[in-house]
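Peer 1: Sequence unavailable; structure follows:
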């Protein structure tokens, strides 16, 4: 009696091809803005790239470029909050998203790095501004616990 290895090798080849196709190595080019103290989380979702928005206690940066100066304590101007958007942020996110979409063909996501002590009102207005630019999905960057 002899052992038939042909079928076994075919099966291993199929498994190997399946694993090679489904394996995805992620190389993230992500720079954390200096001076931010991120909130801590135990989330295990994979990181997805998109338009980077960093929000310190003093300013808003989109793709590393300052686009809006915040008031003391990280607050937004009342006139901007009443308007429901910050025009400079809308323009910056729109421009950055068009560039991202053309270069990387990625999902429409804004990745927000925000200091953990920022008021909710500020984050809410920044997300509304990004939505006015046509990007409706957000990821908040957190520090892994």
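Peer 2: Cool, the structure landed. On a predicted model such as this, the values are computed, not experimentally measured, just so you know.
Peer 1: residues touching residue 114, list them.
Peer 2: Residues near residue 114 by C-beta atoms under 8 Å, 6 or more residues apart in numbering: 36, 38, 54-55, 123, 140-141. The way it works is simple: take the backbone N, C-alpha and C, and place the C-beta from them, glycine included.
Peer 1: Do you know the pLDDT at it?
Peer 2: Per-residue confidence (pLDDT) for residue 114: 85.
Peer 1: Roughly how far does it sit from residue 54?
Peer 2: 8 Å (C-beta to C-beta, to the nearest Å).
Peer 1: joint contacts of these two?
Peer 2: Taking C-beta under 8 Å, 6+ apart as the contact rule, residue 114 and residue 54 both touch residue 36.
Peer 1: show me the contacts for residue 90.
Peer 2: By C-beta under 8 Å, 6+ apart, the contact set of residue 90 is 129-130, 132-133.
Peer 1: how about a cut-off of 10 Å?
Peer 2: Residue 90 is in contact with 67, 128-134, counting by C-beta atoms under 10 Å, 6 or more residues apart in numbering.
Peer 1: which element is the residue most central in space within the chain on?
Peer 2: In the chain, the C-alpha nearest the mean C-alpha coordinate belongs to residue 111, at 2.1 Å (C-alpha atoms, centre = their mean). Residue 111 is part of strand 109-114 when elements are defined by DSSP states H and E.
Peer 1: Compute the inter-axis angle for whichever helix or strand comes after that strand and strand 109-114.
Peer 2: Downstream of strand 109-114, the first helix or strand assigned by DSSP H and E is helix 120-132. Put simply, helix 120-132 runs at 160 degrees to strand 109-114, going by axes from the mean of the first three to the mean of the last three C-alpha atoms, to 10 degrees.
Peer 1: Strands of the chain, residue ranges please.
Peer 2: For the chain, applying DSSP state E gives strands covering 40-41, 51-55, 59-62, 65-69, 109-114, 137-140, 143-144.
Peer 1: want to try TSV for those strands, with distance to residue 13 as columns?
Peer 2: As requested, those are exported to TSV (distance: least, C-beta to C-beta, whole Å):
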stretch	distance to residue 13
strand 40-41	41
strand 51-55	41
strand 59-62	48
strand 65-69	50
strand 109-114	37
strand 137-140	38
strand 143-144	37
